[in-house]
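> mind looking at a prediction? Sequence and model below.
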Amino acid sequence: MSTNGTATQSASENSEEGYYRIGEVSRLTDVKPFVLRYWESEFPMLDPVKSPSGHRLYRQEDLDMVFKIKRLLYDEGFTTEGARRHLREQAGMDNGAGGGFAPAEDTPQILSRKMLLDLRDTLRAFLTLLEGR
């Protein structure tokens with residue numbers, strides 16, 4: 001087997017076996033490719049494999065991680081450092097290192113950061129009403 005033929009065959013097999021190129025991930029997640037590359041440098045748990053030609057090939061778990069990172073940063077208001085820490089802690093709990101209860105992936109967290117921020121704002125508004133009386 002020649003290495004060039006194997007590399008080309010391997011890359012085409014990868015795309016058929018659930019691997020996504022950065023452009024596909026960008027379209028699926030609505031995140032620009034330069035943002036995805038930046039996230040790779042900031043989130044060690046986001047680590048797509050490289051094809052022999054150097055293209056990024058995202059696995060399904062990488063795609064899932066992109067959605068998690070996007071949710072934490074854009075929907076829940078985490079900073080990059082906070083999201084990275086949160087994902088590390090969550091991975092620690094999933095591996096049993098956290099010692100606590102780790103909710104299942106499809107179970108929504110009872111008190112997300114966004115919900116807590118909304119609750120705080122509501123309580124502040126209520127306190128303002130009470131102080132005005």
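Structure's in. What do you need?

> is residue 31 in contact with residue 70, as I believe?
Yes: applying C-beta atoms under 8 Å, one finds residue 31 in contact with residue 70, separated by 6.0 Å. Glycine gets a C-beta too; all of them are placed from N, C-alpha and C.

> these two: which has the busier surroundings?
Neighbour tally, residue 31 and residue 70, criterion other C-beta atoms under 10 Å: the higher count belongs to residue 31, 20 against 17.

> show me the contacts for that one.
Residues in contact with residue 31 (C-beta atoms under 8 Å, 6 or more residues apart in numbering) are 25, 39, 66, 70.

> in this structure, which spans are strands?
Applying DSSP state E to the chain gives strands spanning 20-21, 49-50, 56-58.

> tell me what the longest one is packed against?
Here strand 56-58 touches helix 3-16, strand 20-21, helix 22-29, strand 49-50, going by 3 or more C-beta pairs under 8 Å, 6 or more residues apart in numbering; DSSP states H and E.

> of all the strands of the chain, which lies closest to residue 81?
Of all the strands of the chain, it is strand 56-58 that lies closest to residue 81, at 23.3 Å by C-beta to C-beta.

> who touches the closest one?
With C-beta under 8 Å, 6+ apart, strand 56-58 has contacts from 11, 14-15, 19-22, 24-25, 40, 48-51, 66.
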